[in-house]
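Participant: What shape does this take:
(one chain, ligands or ions: 2)
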Amino acid sequence: MTSARTVLLLCGGRSGEHEVSLASAASVLEAAPERIVLEPRVIARDGRLLSPAASRAALRDGRSDGDAYAADADPDVLTGLARADLRRFDAVFPLLHGPNGEDGTVQGLLRVAGVPFVGSDVLGSAAAMDKIVMKRLFASAGLPQVPWRGADRNAYAADPEGVRDRARDLPWPRFVKPANLGSSVGIGRARDEAEQDAALAEAFRHDRRVVIEAAAEGAREVEVAVLDGRPPHASPPGEIRVPDGAYYDYAHKYTEGASELLVPAQLPDRLADELRALALDAFRLVDAAGLARVDFFVDPAGRALVNEINTLPGFTRTSMYPRLLQAAGVPYPELIERLVEAALARRAEADAVR
Ligand SMILES: Nc1ncnc2c1ncn2[C@@H]1O[C@H](COP(=O)(O)OP(=O)(O)O)[C@@H](O)[C@H]1O
Ligand SMILES: [Mg+2]
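Facilitator: Ligands and ions are numbered 1, 2, ... in the order given. I've put the predicted structure just below:
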């Protein structure tokens with residue numbers, strides 16, 4: 001039995017996934033075992049760090065905007081964390097999704113501050129967040145993926161025909177996605193060049209770099225949870241069902257009842273084993289740590305295609321990641337504790353080789 005750990009639970013953030021992060025953090029706060037003593041701090045949409053009392057209120061209310069939460073806020077995360085004195089904490093749980101949270105930036109800050117933290121380090125976070133870098137790493141090891149091309153905003157502005165040309169051999173329909181975002185924000189589906197131009201314009205509003213890829217037509221969406229350890233463990237796959245004709249866009253992700261999570265997915269054993277092995281490959285290829293959810297398409301012929309890896313997946317009690325681990329025999333409160341202990345163990349290991 002380990003002694004009590006004091007953990008700073010960092011949540012909210014400036015990305016489009018602010019509310020999702022608040023919901024994840026509220027779940028963690030409610031379910032953490034007694035040994036994990038949490039101090040939540042919410043990063044408001046405008047970047048301020050709310051006071052401990054306002055942070056608890058924001059988690060209770062599921063929102064953080066408005067004067068009610070502004071009292072005693074620090075002007076930014078850097079100032080706030082310096083004032084909070086990170087040395088008081090055994091670890092930080094940066095439960096932030098998307099840019100400025102899941103992408104290595106906050107991880108770099110915590111690394112410089114010298115405090116252990118849950119989840120992937122700078123490299124793993126950044127590599128997994130950037131869909132172009134991620135796809136290249138997967139390709140380097142021959143992981144199955146849909147065919148894709150990267151495109152750059154300036155190159156497209158200078159020579160749109162050149163960008164269309166380089167994507168010419170991709171079949172229709174296609175998906176166009178900002179390289180560094182999440183929650184399906186800025187993503188479009190295109191059936192022809194005209195729709196692709198519109199989708200590119202939209203994606204380039206969100207990011208300098210975008211991905212154009214072939215749609216996995218008629219595919220099922222299946223996800224595997226990876227929990228770090230010696231060796232890392234992959235859960236059985238779960239499936240996401242969205243109504244016919246739709247894809248897993250923002251509304252289907254976060255509207256209660258708009259999509260269905262099936263845990264475990266009904267798949268042949270051999271395919272489930274293959275998906276678990278691919279999930280572990282993906283985890284190692286981006287140098288992830290702690291936790292990750294690896295998302296797949298299973299095409300109508302039963303072939304697995306890796307879609308993406310998320311290093312800070314949705315983490316409410318009913319989100320796919322915790323549900324998959326529950327199915328793998330790790331209940332939610334224990335999962336929280338294991339992630340914190342893994343962060344401390346990784347830090348001890350890093351100290352030992354310095
Ligand atoms: N190539 C594809 N084929 C079919 N559906 C796709 C494809 N790419 C994305 N989608 C749909 O869009 C959703 C969001 O895309 P994804 O790449 O997972 O971005 P995000 O990082 O925003 O979750 C997927 O869950 C899926 O429903
Ligand atoms: Mg996704």
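
Participant: Just the element for residue 138, please.
Facilitator: For residue 138, the host element (DSSP states H and E) is helix 131-140.

Participant: Wondering if that helix reaches ligand 1 at all.
Facilitator: No. Shown here: helix 131-140 not in contact with ligand 1 (Cβ under 6 Å from any ligand atom), separated by at least 6.8 Å. Quick note: C-beta positions are derived from backbone N, CA and C, even for glycine.

Participant: for that helix, packing partners?
Facilitator: Using 3 or more Cβ pairs under 8 Å, 6 or more residues apart in numbering; DSSP states H and E, the elements in contact with helix 131-140 are helix 122-129, strand 209-214, helix 269-285, strand 304-310.

Participant: quick check: angle from that helix to helix 122-129?
Facilitator: Relative orientation of helix 131-140 and helix 122-129, computed by axes from the mean of the first three to the mean of the last three Cα atoms, to 10 degrees: 100 degrees.

Participant: does any part of the helix or strand following helix 131-140 sit near ligand 1?
Facilitator: Downstream of helix 131-140, the next assigned helix or strand under DSSP H and E is strand 148-152. No. Using Cβ under 6 Å from any ligand atom, strand 148-152 stays clear of ligand 1, coming no nearer than 8.0 Å.

Participant: Is residue 26 part of a helix or strand, or is it coil?
Facilitator: Secondary structure, DSSP: H, G, I helix; E, B strand; the rest coil: residue 26 is helix.

Participant: Enumerate every residue touching it.
Facilitator: By Cβ atoms under 8 Å, 6 or more residues apart in numbering, the contact list for residue 26 reads 59, 60, 62, 316.

Participant: near ligand 1 at all, stretch 99-116?
Facilitator: No. If you take Cβ under 6 Å from any ligand atom as the test, stretch 99-116 misses ligand 1, and the best it gets is 10.1 Å.

Participant: start to end distance for that stretch?
Facilitator: Length of stretch 99-116, first residue to last, Cα to Cα, to the nearest Å: 21 Å.

Participant: Report how many residues lie close to the closest residue in space to residue 264 that isn't next to it in sequence.
Facilitator: Once flanking residues are discounted, residue 264 sits nearest to residue 236: 4.2 Å by Cβ to Cβ, 6 or more residues apart in numbering. Burial measure for residue 236: 18 neighbouring residues, criterion other Cβ atoms under 10 Å.

Participant: can you tell me how far residue 236 sits from residue 320?
Facilitator: 12 Å (Cβ to Cβ, to the nearest Å).

Participant: before we move on, the earlier item: take the helices and strands packed on helix 131-140 and lay them out in CSV including mean neighbour count.
Facilitator: CSV is the format used below for these (neighbours: other Cβ atoms under 10 Å):
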stretch, mean neighbour count
helix 122-129, 22
strand 209-214, 22
helix 269-285, 18
strand 304-310, 22
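
Participant: Out of these, which is closest to residue 231?
Facilitator: For the helices and strands packed on helix 131-140, proximity to residue 231 was assessed by Cβ to Cβ; helix 269-285 is nearest, at 7.9 Å.

Participant: can that closest one be found next to ligand 1?
Facilitator: No. Helix 269-285 is not in contact with ligand 1 by Cβ under 6 Å from any ligand atom; minimum separation 13.2 Å.

Participant: ok and that helix relative to helix 131-140, angle-wise?
Facilitator: 120 degrees.

Participant: Mind giving me the packing neighbours of helix 269-285?
Facilitator: helix 131-140, strand 220-227, strand 233-234, strand 291-298, strand 304-310.

Participant: For the helix holding residue 138, which residues meet the burial criterion?
Facilitator: Buried residues in helix 131-140, counted by 16 or more other Cβ atoms under 10 Å: 131, 132, 133, 134, 135, 137, 138.

Participant: all helices for this structure, in order.
Facilitator: 18-31, 52-61, 77-84, 105-113, 122-129, 131-140, 153-158, 160-166, 193-206, 250-254, 269-285, 320-327, 332-353 (DSSP state H).

Participant: Looking at those, spot the one closest to residue 222.
Facilitator: helix 269-285 (6.3 Å).

Participant: ok, which residues in this structure are in contact with ligand 1?
Facilitator: So the chain meets ligand 1 at 146, 175, 177, 181-184, 187, 213, 215-216, 219, 221, 247-248, 295, 297, 307-308 (Cβ under 6 Å from any ligand atom).

Participant: Any quick ChimeraX command for the buried ones out of those?
Facilitator: Typed into ChimeraX, the line below selects the buried ones among those, using 16+ other Cβ under 10 Å:
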select :146,175,177,181,182,183,184,187,213,215,216,219,221,248,295,297,307,308
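
Participant: Model confidence score at the residue lying closest to residue 306 once chain neighbours are set aside, please.
Facilitator: The shortest distance from residue 306 to any non-neighbouring residue, by Cβ to Cβ, 6+ apart, is to residue 143 (5.0 Å). Looking at residue 143, its pLDDT reads 98.

Participant: dump the residue contacts of residue 143.
Facilitator: Here residue 143 is in contact with 278, 281, 282, 285, 306 (criterion: Cβ under 8 Å, 6+ apart).
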